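Peer 1: Pasting a predicted model and its sequence here:
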Amino acid sequence: MASADKPAVAVLGSGSWGTALAALIARNGHTTILWGRDRGQVEAVAQRHENPRYLPGTPLPESLAATPDLAEAVAEADLVLVVTPSHAFTETLRALAPHRRADAGLAWATKGFEPGSGRFLHEVAADLMGPDVPLAVVTGPSFAREVALGLPTAVTVHSDDEDFAQTVANVLHGPTFRAYTGNDVQGAELGGAMKNVLAVATGVADGMQLGLNARAGLITRGLNEMLRLNLALGGRVETLMGLAGLGDLVLTCTGDLSRNRRLGLALGRGQSLREAVAEIGQVVESVQTADEVMRLAERLGIELPISALVREVLHERITPVEGLRMLLAREQKPEFPPGLF
Ligand SMILES: NC(=O)C1=CN([C@@H]2O[C@H](COP(=O)(O)OP(=O)(O)OC[C@H]3O[C@@H](n4cnc5c(N)ncnc54)[C@H](OP(=O)(O)O)[C@@H]3O)[C@@H](O)[C@H]2O)C=CC1
Ligand SMILES: O=C(CO)COP(=O)(O)O
């Protein structure tokens, strides 16, 4: 049962990240229940303490409960943590609304935008939950598999409500998992979304064997794209210089556990988008996010050359070789135009 210092938690989404976070929270001593739409998957978590599809071979705590019934999952929860992919975020919140306890807070570890509308996920959450529900985003460099194995990890929790950010961070924080807090929700969300697009770019370059200089150049100029878009949105530089931006960018652009990087690698080696996505077999957020990032940038009149080329490559309108040629042919310019920051 919940107690004041150990809120009961419902985690929605039984993929790799939802399962890893639910296991972490259960190990931290919270009553924790994982909801997933796939009955077989959920039964395996509840009875065999394993998620064979998304975290095969990784033992999960026996205290972690699981159910395919959303109403049951959230009935007793003080905190609901949504970890479905961005394309399922809105429908998950809609399904959740009639069942959640009125005083339950809502956090999410999803990265991306609402597809089609391009809304930030905090905008979707505020719209569907109303003004009285405390909201927070959990983000940062965190491969699910490493978290599930108990390897050291640092993330950040951003909320407009300082106490709620601390509550969510306390639920996650543990011996090998550090949870920092902040209050720049939009900046944190932007970093988590954009790094997926930029990981495709570095993956493509590595798949084409362009070398380590190219990789470092793309990461750094990619960070510059994040910063410029965030500034145009009125965001703060430091958020993107921290775990939500630079940290996650470095992890995803260099770590082969990243599905977005692996998509880029496959495209750079000449595979088709369809083949590559099917082979990865898990959510690859950049496919949708590249469109939403560029729609946002175009609306604000911000030029993002790397992200723009990733979008074109993902739509198979240009080849990686053409993309490279276009990037290298860009005009020379100052690294930091006056007045940028
Ligand atoms: N994996 C990671 O290391 C990290 C992931 N994230 C983010 O977390 C989010 C979830 O990713 P992740 O867990 O990795 O994805 P996975 O591909 O591992 O799993 C996706 C999960 O979402 C479920 N799902 C898909 N569509 C729906 C839907 N319409 N309603 C309910 N459930 C649905 C899938 O169910 P089914 O099996 O039935 O299809 C599956 O359980 C993404 O935004 C990702 O960017 C953030 C940090 C780290
Ligand atoms: O967000 C992640 C790590 O922080 C996971 O990245 P991928 O979705 O590219 O695997």
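Peer 2: In hand now; what should we look at? Ligands and ions are numbered 1, 2, ... in the order given.
Peer 1: so who does whatever residue of the chain ends up closest to ligand 1 touch?
Peer 2: The minimum distance from the chain to ligand 1, using C-beta to the nearest ligand atom, falls at Gly15 (1.8 Å). The way it works is simple: take the backbone N, C-alpha and C, and place the C-beta from them, glycine included. Contacts for Gly15 (C-beta atoms under 8 Å, 6 or more residues apart in numbering) come out as 36, 54, 83-85, 282-283.
Peer 1: separation between it and Arg37?
Peer 2: Here Gly15 is placed at a distance of 10 Å from Arg37 (C-beta to C-beta, to the nearest Å).
Peer 1: Then Asp291?
Peer 2: 25 Å.
Peer 1: More neighbours: those two, which one.
Peer 2: Asp291 (18 against 15; other C-beta atoms under 10 Å).
Peer 1: Distance check, the more buried one against ligand 2.
Peer 2: Asp291 sits 17 Å away from ligand 2, going by C-beta to the nearest ligand atom, to the nearest Å.
Peer 1: how about the nearest residue to that residue once chain neighbours are set aside, what does it touch?
Peer 2: Spatial nearest neighbour of Asp291, chain neighbours left out: Arg311 (6.2 Å); criterion: C-beta to C-beta, 6 or more residues apart in numbering. The contact partners of Arg311, taken as C-beta under 8 Å, 6+ apart, are 197, 290-291, 293-294.
Peer 1: please redo it, this time with the cut-off set to 7 Å
Peer 2: 290-291, 294 (C-beta atoms under 7 Å, 6 or more residues apart in numbering).
Peer 1: next one: Val147
Peer 2: By C-beta under 7 Å, 6+ apart, the residues touching Val147 are 20, 24, 153, 177.
Peer 1: Inside helices: which ones of those residues?
Peer 2: 20, 24 (DSSP state H).
Peer 1: which secondary structure elements does the helix or strand where Val287 lies contact?
Peer 2: Using DSSP states H and E, Val287 sits in helix 286-300. Identification of packing neighbours for helix 286-300 by 3 or more C-beta pairs under 7 Å, 6 or more residues apart in numbering; DSSP states H and E yields helix 185-207, helix 212-232, helix 305-314.
Peer 1: chain center to that helix: distance?
Peer 2: Distance of helix 286-300 from its chain centroid, counting by C-alpha atoms, centre = their mean, to the nearest Å, is 16 Å.
Peer 1: now stretch 167-175
Peer 2: 18 Å.
Peer 1: which residues touch it?
Peer 2: 7, 9, 24-25, 27-28, 30, 79, 105, 107, 136, 138, 155, 157, 179-181.
Peer 1: So which of the residues you listed sit within strands?
Peer 2: Of the positions in the contacts of stretch 167-175, 9, 79, 105, 107, 136, 138, 155, 157, 179-181 sit in strands, assigned by DSSP state E.
Peer 1: and these, which two are the farthest apart?
Peer 2: Using C-beta to C-beta, the ones in strands among the contacts of stretch 167-175 reach their maximum pairwise distance at Val9 and Tyr180, which is 19.0 Å.
Peer 1: The two - which one has more neighbours?
Peer 2: Val9 (28 against 16).
Peer 1: I figured the more buried one hits Gly29, correct?
Peer 2: No - between Val9 and Gly29 there is no contact under C-beta atoms under 7 Å: 10.8 Å.
Peer 1: now, which of the contacts of Gly15 lie close to ligand 1?
Peer 2: 36, 54, 83-85, 282-283 (C-beta under 6 Å from any ligand atom).
Peer 1: and the end-to-end length of stretch 176-194?
Peer 2: Taking C-alpha to C-alpha, to the nearest Å, the first and last residues of stretch 176-194 lie 27 Å apart.
Peer 1: Quickly check: that stretch near ligand 1 or not.
Peer 2: No - using C-beta under 6 Å from any ligand atom, stretch 176-194 never reaches ligand 1; the gap is at least 7.1 Å.
Peer 1: Brilliant, that's me finished.
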